[in-house]
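1. Got a predicted structure here, sequence first:
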Amino acid sequence: MRRHWGAVAILVLAGALAFGGAVYVFLWFVSDAQSSGMVPATLGIWTMANLIAFILHAVFWELLLIGVPTAVAAAAGWRWWRRLPDGERRGYYFGGRSRSTGGGGGASLLFFIAFCIKVFIDGKWNVSIATFTVNYVVGSMVTILEWGLAVFGIPIAIGLTWWISREMKRP
């Protein structure tokens, strides 16, 4: 670290700038989305169409204004790292015991996408989210779980049946 303190300082500064920039881009986008009329200022009258448009536009602007410069900077940092002598690179150890449990696996994202599909199928895409009743939301979640059982459960049952029948035939 002593030998490359300048690179470490640049890395820390770049991380702080990327984080601060991401926050400011999001704040800019939120105020612009409200003032341009893309989304209503009151959350109670947002529709699923407003929500999806807001999310997609926010992701686009974050990627364009923060993600692309960060990727370019990361590529430059990677090129610098690869130009270090091989023996020096091996001297740095970035491993260690991870305290992570492996992440969530994306189930909540799939559930949200399924909920959006359910709302669209029900014809409530441009209906205010505030009008959704608890019965509708809970019923939708049960329906989504049933879809999940059909999509994943049937192939799992077929595979399990095939495996059991194969195991039973073994001597």
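-> Yep, that arrived.
2. What confidence value was assigned to Val59?
-> On pLDDT, Val59 comes in at 96.
3. mind showing which ranges of this protein have poor pLDDT?
-> Under the criterion pLDDT under 70, the flagged ranges of the chain are 1-2, 93-104.
4. Chain neighbours aside, what residue packs nearest to Ala114?
-> Ile144 (4.5 Å; C-beta to C-beta, 6 or more residues apart in numbering). Glycine gets a C-beta too; all of them are placed from N, C-alpha and C.
5. Lys118: which element?
-> helix 107-121 (DSSP states H and E).
6. buried ones in that helix?
-> Ala114, Phe115, Lys118, Val119 (16 or more other C-beta atoms under 10 Å).
7. helices or strands up against that helix?
-> helix 48-62, helix 134-148 (3 or more C-beta pairs under 8 Å, 6 or more residues apart in numbering; DSSP states H and E).
8. What's the local residue count around the residue nearest to Ala58 when sequence neighbours are not counted?
-> Spatial nearest neighbour of Ala58, chain neighbours left out: Phe29 (5.4 Å); criterion: C-beta to C-beta, 6+ apart. By other C-beta atoms under 10 Å, the residues close to Phe29 number 19.
9. What are the phi and psi values at Phe29?
-> Phi and psi for Phe29, reported as degrees, to the nearest 10, are phi -60, psi -40.
10. Tell me if I'm right that it and Val59 touch.
-> No. Phe29 is beyond contact range of Val59, at 9.9 Å (criterion: C-beta atoms under 8 Å).
11. thinking again about what came up before, columns mean neighbour count on top of the helices and strands packed on helix 107-121, output as CSV?
-> Formatted as CSV, the helices and strands packed on helix 107-121 follow (neighbours: other C-beta atoms under 10 Å):
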stretch, mean neighbour count
helix 48-62, 15
helix 134-148, 13
